[in-house]
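> Structure of the sequence below:
(2 chains)
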Amino acid sequence: MRLELVKRPEVSRVMMVVSPVLAVGLTVLFAAVVFALQGKDPAAGVYHFFVEPLLSPWSIEQLIVKATPLVIIALGLSVCYLSNNWNIGAEGQLTVGAITGSILPVLLPEFVSPATLPLMILLGALGGALYAAVPALLKTRFGTNEILTSLMLVYVSGLFLDWLVRGPWRDPQGYNFPITIDFNEAAVPATFPIGPLYLNLSAFLALILVVVLAVTLGRTLKGFEIRVLGQSPRAGAFAGFSAERMTLFAFMVSGALAGVAGILTVASEIGKLQPAISPGYGFTAIIVAFLGRLNPIGILIAGLVIALSYLGGEAIQTTLQMSSKVATVVQGMLLFFVLACDTLILYRVRLVGRAPKEPARA
Amino acid sequence: MKKMLLLAGTALAVALGASAASAQDKFKACWVYVGPIGDFGYSYQHDQGRLQVEKELGDKVETAYLENVAEGPDAERAIERFAREGCQLIFTTSFGFMDPTIKVAKKFPDVKFEHATGFKKADNVAIYNARFYEGRYILGQIAAKESKAGLAGYIVSFPIPEVVMGINAFMLGAQSVNPDFKVKIVWVNTWFDPGKEADAAKALFDQGADIIVQHTDSTAPLQIAEERGLKGFGQSSDMVKFAPKAQMTSIVDDWGPYYVKRVQAALDGTWTATDVWEGIKDGAVVMAEYANMADDTKKLAEETEAKIADGSFHPFTGPIVDQEGKERYPAGAVVPDGDLLGMNWYVKGVDDKLPQ
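This next block holds a predicted model:
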């Protein structure tokens, strides 16, 4: 007896839409089981994990702040993944973007003008794009595996940042601690009120990028080119599209967006450079991209859901004294259920009886 | 507007948190940890301190903690969450929480904060640290006495002054016994990563070291020493359970008395933003039982510990010569605390280079 997955001849459209909702529902259900196994009240656990973070303006603000870099990076990654380019190094592109974006406030602290922040964002995008061009060129020129090169460049960028903040960029007044000087006021995005929420331009930028990407992918020739080359490079070649140029393009777009996320995180959340600037946004964004099915709107929702799981994880720690590992377990379950639901929509499970050794072919 | 928001938020939180209402009358003290409390090292010891507060002041105080908080954009949110959840005294226990602590403290002037191992203070932010270098000097003496190879392996996290100071104290102690003593250093760039730490320990042993010292928080290096029949020192907590034959002693951080004292002060209304740096004398740094060493080594260690405790000896007493052979402090001079806290140079004999 064994189980077999058989492709369904027709995929239910309703189920395609319901699937992520179903996955979230199953996650909530099984999270409750995990909370109960920890000896906590499952209802309280579910409330603190999934509901409480949505109730106060402050935690909604934090939710948006946390989701913003994830969404921006995942948007870029979706261009890569749709075109069959496997950029795993967004974390490194984020780091380099943070560094190049910080050139102005760290080396020219007297340059205080309304142009400071836009220039920083541009420099961040440029840095990230150029850094992402490295694995892209290695792939197109030498046929190296971009998964490996982009991943390894993450560590290179981390060590470079480490060296910078301990060496040439170190704050002379910082007791030799590995930090740069504080960014000047013009280098920090101002927050402004939207209803009861205080947000800075990062969140709006993320929304604009969602729209831009949705239009580009859905309604332009470039979007068509991205998807054709991803699904069938041969068909793309017949249409006159160059897979090599697409690799460079996808990597640079994705690197630029990761770089923007990097400099925005540093400028708005930290206000200086230090060895640790990202809690793995570049890697988490890979999950966000796939959770959002490489669709810009989906990515926006997925980014918020993943951000919720971080905030919820903290909430169950402080209110119910549950370990931070529980949050990781819930995130794992969410990804598992999304993939499982999708699989079961595309395939059905068939129970195969013990097959005879030589199947009859009569 | 901001104030109204805050009010509205608080009202909402109170209205929703029915369970919190019963605990309203209790004082709330909260801790933010950089690692998991199960690291059996640095964060574990801070949490032991928190548990001591619960034990001694539990009828008046309730506590909460957040573990595994990364030193980056997440730190500020974690600290602010506590301030919003009604914590009246918040301990942020890692260097990287310094700026977020200061930032949140500005927003919540009525909440008291204490930041460990940093240097920025405010009216409602106290700072505290322990003189771990005192223990490291003793480790150096033990290592030089017990090592047959004359070479120790030293696993270090990040080249911040705290860590550099520890390496120097270790070397000064070792050189007081054996002027030719050598140390090999491996930077692992993490406070807690058992896998990386174990690899570093193996590499150092393979290069001929027979004693391992660590400024990282897991028990992995000691366990490797145990496997190979070699020796080492615990870190932050007494790790003898993990390496009964290998651990010679451990520098134990005992934050309990300090935490109890500070929470009590906050309860009494006598809390002020102090700057405290306690050591062996105050019971903040405790040496775990001296074991697995020769009797005369143990005697030397105990003597040094006693001299540091009664204040007759300071590990950083001149002459102290740096790597380039320049005399930084003349004979008899004691290095001032300010210089120790910003230390970014090695003493003579350390085979490593710091980024300048």
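
> So the spatially most central residue of chain A, which state does it fall into?
For chain A, the residue sitting closest to the mean C-alpha position, by C-alpha atoms, centre = their mean, is residue A:285 at 1.5 Å. Secondary structure, DSSP: H, G, I helix; E, B strand; the rest coil: residue A:285 is helix.

> so it touches residue A:66, yeah?
No: using C-beta atoms under 8 Å, residue A:285 makes no contact with residue A:66, being 11.9 Å away. Yep, even glycine has a C-beta here, placed from its N, CA and C like the rest.

> Tell me how far the residue nearest to the centre of chain A lies from chain B.
14 Å (C-beta to the nearest C-beta, to the nearest Å).

> Show the pLDDT at the nearest residue to that residue once chain neighbours are set aside.
Spatial nearest neighbour of residue A:285, chain neighbours left out: residue A:73 (3.7 Å); criterion: C-beta to C-beta, 6 or more residues apart in numbering or on different chains. pLDDT for residue A:73: 98.

> Quick check: buried residues in the helix or strand where residue A:73 lies?
Residue A:73 belongs to helix A:57-82 when assigned by DSSP states H and E. In terms of neighbour count (16 or more other C-beta atoms under 10 Å in any protein chain shown), helix A:57-82 has its buried residues at A:57-82.

> likewise stretch A:212-220?
Result for stretch A:212-220 [16+ other C-beta under 10 Å]: buried residues A:213-214, A:216-217.

> residue ranges for the helices of the stretch 151-300 of chain B, please.
B:161-177, B:194-206, B:220-228, B:256-268, B:295-309 (DSSP state H, counting those that start in this stretch).

> other SSEs contacting the third one?
Right, helix B:220-228. helix B:194-206, strand B:211-215, strand B:231-236 (3 or more C-beta pairs under 8 Å, 6 or more residues apart in numbering or on different chains; DSSP states H and E).

> try 6 Å this time
helix B:194-206, strand B:211-215 (3 or more C-beta pairs under 6 Å, 6 or more residues apart in numbering or on different chains; DSSP states H and E).

> So for it, mean pLDDT?
Mean predicted confidence for helix B:220-228 is 95.

> State the distance from residue A:24 to residue A:230.
Between residue A:24 and residue A:230 the distance is 27 Å, computed by C-beta to C-beta, to the nearest Å.

> and residue A:191, bridged to which residues?
residue A:200 (DSSP bridges).

> count of residues packed around it?
15 (other C-beta atoms under 10 Å in any protein chain shown).

> ok, it touching residue A:202?
No: between residue A:191 and residue A:202 there is no contact under C-beta atoms under 6 Å: 9.9 Å.

> leaving aside the residues next to it on the chain, what's closest to the residue of the stretch 1-150 of chain B at minimum distance from chain A?
Closest contact between the stretch 1-150 of chain B and chain A, by C-beta to the nearest C-beta, is at residue B:73 (3.7 Å). The shortest distance from residue B:73 to any non-neighbouring residue, by C-beta to C-beta, 6+ apart, is to residue A:269 (3.7 Å).

> what about the one you found, how many residues close to it?
24.

> Residue numbers of the stretch 151-300 of chain A in contact with chain B?
Residues of the stretch 151-300 of chain A lying close to chain B by C-beta under 6 Å from any C-beta of the partner chain are A:166-167, A:175-177, A:265, A:269, A:276-277, A:279.

> mind listing which of the residues you listed are in helices?
Counted as lying in helices by DSSP state H, out of those, are A:166, A:265.

> Could you save the residues of the stretch 151-300 of chain A next to chain B as a markdown table and add columns showing pLDDT?
A markdown table is the format used below for those (pLDDT from 0 to 100):
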| residue | pLDDT |
| --- | --- |
| A:166 | 85 |
| A:167 | 86 |
| A:175 | 71 |
| A:176 | 71 |
| A:177 | 77 |
| A:265 | 95 |
| A:269 | 89 |
| A:276 | 87 |
| A:277 | 92 |
| A:279 | 88 |
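
> I'd like to know which of the residues of the stretch 151-300 of chain A next to chain B are buried.
So, by 16+ other C-beta under 10 Å, the buried ones in those are A:166, A:175-177, A:265, A:269, A:276-277, A:279.

> sorry, back to before: wait, which of the helices of the stretch 151-300 of chain B is closest to residue A:137?
Residue A:137 lies closest, by C-beta to C-beta, to one member of these: helix B:194-206, at 31.3 Å.

> Can you name the next helix or strand after the lowest-mean-pLDDT helix or strand in chain B?
One helix or strand of chain B scores below all others by mean pLDDT, DSSP states H and E: helix B:18-22, with a mean of 41. Where DSSP H and E defines the elements, the next helix or strand beyond helix B:18-22 is strand B:27-32.

> got the angle between that following strand and helix B:256-268?
Interaxial angle of strand B:27-32 relative to helix B:256-268 (axes from the mean of the first three to the mean of the last three C-alpha atoms, to 10 degrees): 140 degrees.

> Enumerate residues external to strand B:27-32 that contact any of its residues.
B:50, B:60-66, B:69, B:78-79, B:82, B:86-92, B:263, B:267 (C-beta atoms under 6 Å, 6 or more residues apart in numbering or on different chains).

> follow-up on the earlier one: same list (the residues of the stretch 151-300 of chain A next to chain B) but as JSON lines, adding distance to residue B:276.
Output for these, formatted as JSON lines (distance: C-beta to C-beta, whole Å):
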{"residue": "A:166", "distance to residue B:276": "27"}
{"residue": "A:167", "distance to residue B:276": "31"}
{"residue": "A:175", "distance to residue B:276": "17"}
{"residue": "A:176", "distance to residue B:276": "21"}
{"residue": "A:177", "distance to residue B:276": "19"}
{"residue": "A:265", "distance to residue B:276": "33"}
{"residue": "A:269", "distance to residue B:276": "30"}
{"residue": "A:276", "distance to residue B:276": "26"}
{"residue": "A:277", "distance to residue B:276": "30"}
{"residue": "A:279", "distance to residue B:276": "30"}
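
> re the thing from before, take the helices of the stretch 151-300 of chain B and write them to TSV, including mean neighbour count.
Listed next are the helices of the stretch 151-300 of chain B as TSV, based on neighbours: other C-beta atoms under 10 Å in any protein chain shown:
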stretch	mean neighbour count
helix B:161-177	23
helix B:194-206	19
helix B:220-228	22
helix B:256-268	18
helix B:295-309	16
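
> The residue of the stretch 1-150 of chain B closest to chain A: neighbour count?
Applying other C-beta under 10 Å, we find 21 residues neighbouring residue B:73.

> Wait, it touches residue A:268, no?
No: in this structure, residue B:73 is not within contact of residue A:268 by C-beta under 6 Å, at 8.6 Å.

> Quick check: closest non-adjacent residue to residue B:49.
Per C-beta to C-beta, 6+ apart, closest to residue B:49 is residue B:255, 3.3 Å.

> So that neighbour versus chain A, what's the distance?
19 Å.

> Below-threshold pLDDT in the stretch 51-200 of chain A: ranges please.
Judged by pLDDT under 70, the stretch 51-200 of chain A has no weakly predicted residues.

> repeat for the stretch 1-150 of chain B
B:1-24.

> in it, which spans are strands?
Counting by DSSP state E, counting those that start in this stretch, one finds strands in the stretch 1-150 of chain B at the ranges B:27-32, B:61-66, B:89-92, B:112-116, B:125-130.

> I'd like to know which of the ones you listed is closest to residue B:311.
Of all the strands of the stretch 1-150 of chain B, strand B:125-130 comes closest under C-beta to C-beta, at 16.1 Å.

> what residues does that closest one touch?
B:105, B:113-118, B:121, B:253, B:273-278, B:284-285.

> what does stretch B:194-207 give?
Counting by C-beta under 6 Å, 6+ apart, B:153, B:155, B:184, B:186, B:188, B:212, B:216, B:218, B:220-221, B:224, B:228 sit against stretch B:194-207.

> Return the member of those residues nearest to chain A.
Looking across these and measuring by C-beta to the nearest C-beta, the closest to chain A is residue B:188, at 12.3 Å.

> OK, contacts around that closest one?
Contacts of residue B:188 (C-beta under 6 Å, 6+ apart): B:196, B:200.

> Could you rerun that using 8 Å?
B:155-157, B:196-197, B:200, B:216 (C-beta atoms under 8 Å, 6 or more residues apart in numbering or on different chains).
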